[in-house]
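A.B. asks: here is my input; please provide its structure:
(2 chains)
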Amino acid sequence: MGEPPGPGEGGCPLALAAFLVIGLIAVAGALAVVLNRSPLYSALSLVGVFAATALLYLMLSAPFLAVLQILVYAGAIMVLFVFVIMLLSLRRDEGAISAPFPEGSSG
Amino acid sequence: MSLDLLIEVVVKCLVVFVVVLTAVAYLVLVERKVLAAMQSRVGPNRVGPQGVFQPAADALKLMTKETIVPLAADKGIFLLAPVASLVPALMTYAVIPFGDSVHVFGRDVALRVTDINVALLYLLAMSSIGVYGLFLGGWSSNNKYALLGSIRSSAQMVSYELTMGLALIGVVLLAGSFSLVDIVEAQAKVPFIVYQPVGFVLFVIAALAEINRTPFDLPEAEPELVAGYHTEYSGMRFAMYFLGEYANLITVTAIGTLLFLGGWQVPWPSPAWLAPLWFMIKVAILIFAAIWTRGTLPRFRFDQLMSFGWKVLLPVAIANIFVTAGVVALLHK
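C.D. replies: Below is the predicted model of the structure:
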């Protein structure tokens, strides 16, 4: 396949289009992290941002960095974040934290 | 990219996808049959001769069942979580090599979808991403048993991921590469299980815990937790969790074969097109061992599982790395 062209000038139009799509996903995900009211949705948006960043690294011919981005950030650090959010049962960012197992919550 | 290369890649992807999904479907039948034989039962034998069409019947049943979403569930995440569990499980097959290259239709075709130089790290990354499907499913169900099951599974997977990664470092030190093809080719004379017996034992234990199989199947301990994280799932979404679990079983046994058992290589001379057969036989032996384990061993208690992982496996894995690194450094002088 050869060297994949970077997203700069002189790259092929397909690479530019891919860069724009991935970049838009990264920016939209970053906005979603800040604007979401539910902490869990914010955390999951951040995972999306990391995935998009990994794809950008891949486009820059840096597969090692891309895999580490997924392995360390999306796989380890965000798992810890989501784990804590789940344990605290933070459903909404609206004041009171509900008990981990509220009455009648079983399905 | 030329057209014939594109066709080659698409055909390889399709073949791998179809083979893996068929293997997963039949793995369920094989597991039920083997377990039945170990427990002096007959096992499934109603659909077709000796029950060989059971997977088709199961698939038909699961596809026609209704997807029930609990009223209090977080609907979006509830519907997406099974997908987040299945997709990373299938993505791992992109880097798993089944053999060397063969000559078909006047061109050399490598028997793998792709060979990247960080393939082993990619596999570890995909297995760490797979945790999301499990605990998002448990959390979004809004059911205390599902939540407990998913908390257990994520705690267990995060703990044992570490041991698994460290157990594989010994092999990487010996082969000097993260590429699975390089690692297999480094075992041309002696498979790494001879040089890394401790690493292999650590890998087997950590892998069983990583894919939530007996004796580490606490996330779905049915006497305590109904069915764990997928208690509330039905129909095709339940099937996705099921498929993901069995796809992961094939993945870890394939990693074990590639890293410790010499991959597709055999001690006797063999033509290149037979390589996938040897590879599959080795994987099948490891899968049988996993089913055997399930038929033999009882389940751990959760505190035993955690103290075993952190206080026994992790120090041993680190010691193994130090010893291996020391020997490699001495031999290279």
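A.B. asks: and the residue of chain B found nearest chain A, how many neighbours does it have?
C.D. replies: Ranked by C-beta to the nearest C-beta, the top residue of chain B for proximity to chain A is B:Ser128, at 3.0 Å. (Glycine included, C-beta is placed from N, CA and C.) B:Ser128: 24 surrounding residues under other C-beta atoms under 10 Å in any protein chain shown.
A.B. asks: pretty sure it contacts A:Ile77?
C.D. replies: No - using C-beta atoms under 8 Å, B:Ser128 is not in contact with A:Ile77, being 10.6 Å away.
A.B. asks: tell me if B:Trp292 really is in a helix.
C.D. replies: Yes - judged by DSSP: H, G, I helix; E, B strand; the rest coil, B:Trp292 forms part of a helix.
A.B. asks: next one, pLDDT for it please.
C.D. replies: Looking at B:Trp292, its pLDDT stands at 90.
A.B. asks: what sits against it?
C.D. replies: B:Trp292 is in contact with B:Val34, B:Met38, counting by C-beta atoms under 8 Å, 6 or more residues apart in numbering or on different chains.
A.B. asks: ok, it to B:Val34 distance?
C.D. replies: Distance of B:Trp292 to B:Val34, computed by C-beta to C-beta, to the nearest Å: 8 Å.
A.B. asks: same question for B:Ile211.
C.D. replies: Distance from B:Ile211 to B:Val34, by C-beta to C-beta: 17 Å.
A.B. asks: residues of the stretch 1-150 of chain B that sit close to chain A?
C.D. replies: B:1, B:70, B:72-73, B:77, B:116-118, B:121-122, B:124-125, B:128-129, B:131-132, B:135-136, B:139, B:141-147, B:150 (C-beta under 8 Å from any C-beta of the partner chain).
A.B. asks: thought B:Gly43 was touching B:Leu35?
C.D. replies: Yes - B:Gly43 is within contact range of B:Leu35, at 7.4 Å (criterion: C-beta under 8 Å).
A.B. asks: so who does the closest residue to chain B within chain A touch?
C.D. replies: Residue nearest to chain B within chain A: A:Gly75 (3.0 Å; C-beta to the nearest C-beta). Counting by C-beta under 8 Å, 6+ apart, A:Gly75 makes contact with B:Leu124, B:Ala125, B:Ser128, B:Ile129, B:Val131.
A.B. asks: likewise B:Thr231?
C.D. replies: With C-beta under 8 Å, 6+ apart, B:Thr231 has these contacts: A:Gly107, B:Ser141, B:Asn143, B:Tyr145, B:Ala146, B:Gly149, B:Leu225.
A.B. asks: out of those residues, which one has the weakest pLDDT?
C.D. replies: Among those, A:Gly107 has the lowest pLDDT, at 45.
A.B. asks: name the surrounding residues that touch the helix or strand bottoming out on mean pLDDT in chain A.
C.D. replies: The weakest-scoring helix or strand in chain A, judged by mean pLDDT, DSSP states H and E, is helix A:78-88 (a mean of 81). Helix A:78-88 is contacted from outside by A:39-40, A:43-44, A:46-47, A:50, A:97, A:100, B:128, B:131-132, B:135-136, B:139, B:147, B:150-151, B:154-155, B:158, using C-beta under 8 Å, 6+ apart.
A.B. asks: give me that answer again for 7 Å
C.D. replies: A:39-40, A:43, A:46-47, A:50, A:97, A:100, B:131, B:135, B:139, B:151, B:154, B:158 (C-beta atoms under 7 Å, 6 or more residues apart in numbering or on different chains).
A.B. asks: in helices, which of those appear?
C.D. replies: A:Pro39, A:Leu40, A:Ala43, A:Leu46, A:Val47, A:Phe50, B:Val131, B:Phe135, B:Trp139, B:Ile151, B:Ser154, B:Val158 (DSSP state H).
A.B. asks: which one of these is nearest A:Ala17?
C.D. replies: A:Phe50 (21.8 Å; C-beta to C-beta).
A.B. asks: ok so, going back, now list the buried members of the residues of the stretch 1-150 of chain B next to chain A.
C.D. replies: B:70, B:73, B:77, B:116, B:118, B:121-122, B:124-125, B:128-129, B:131-132, B:135-136, B:139, B:141-147, B:150 (16 or more other C-beta atoms under 10 Å in any protein chain shown).
A.B. asks: now do whichever strand or helix holds A:Ala17: which elements does it pack against?
C.D. replies: Element membership for A:Ala17, per DSSP states H and E: helix A:13-35. Under the contact criterion of 3 or more C-beta pairs under 7 Å, 6 or more residues apart in numbering or on different chains; DSSP states H and E, helix A:13-35 touches helix A:39-59.
A.B. asks: which of the residues in the helix it packs on are buried?
C.D. replies: For helix A:39-59, by 16+ other C-beta under 10 Å, it's A:39-59.
A.B. asks: how about stretch B:54-73?
C.D. replies: Across stretch B:54-73, burial judged by 16+ other C-beta under 10 Å covers B:Gln54, B:Pro55, B:Asp58, B:Ala59, B:Leu62, B:Val69, B:Pro70, B:Ala73.
A.B. asks: just the terminal-to-terminal distance for it.
C.D. replies: 32 Å (C-alpha to C-alpha, to the nearest Å).
A.B. asks: which residues are in contact with it?
C.D. replies: A:105, A:107, B:25-26, B:28-29, B:44, B:47, B:75, B:78, B:140-143, B:232, B:234-239.
A.B. asks: now it: average pLDDT?
C.D. replies: 82.
A.B. asks: repeat for stretch B:116-123
C.D. replies: Here the average pLDDT along stretch B:116-123 is 88.
A.B. asks: next one: it to chain centre, how far?
C.D. replies: The chain centre lies 15 Å from the centre of stretch B:116-123; the measure is C-alpha atoms, centre = their mean, to the nearest Å.
A.B. asks: same deal with stretch B:154-169?
C.D. replies: Averaging C-alpha positions (C-alpha atoms, centre = their mean) puts stretch B:154-169 14 Å from its chain's average.
A.B. asks: that older thread, narrow the residues of the stretch 1-150 of chain B next to chain A to those in helices?
C.D. replies: Counting by DSSP H, the residues of the stretch 1-150 of chain B next to chain A contribute B:77, B:121-122, B:124-125, B:128-129, B:131-132, B:135-136, B:139, B:144-147, B:150 to helices.
A.B. asks: first vs last residue of stretch B:260-279, how far apart are they?
C.D. replies: Where stretch B:260-279 begins and where it ends lie 12 Å apart, using C-alpha to C-alpha.
A.B. asks: in that stretch, what's buried?
C.D. replies: B:Phe260, B:Leu261, B:Gly262, B:Gly263, B:Trp264, B:Gln265, B:Ala275, B:Pro276, B:Trp278, B:Phe279.
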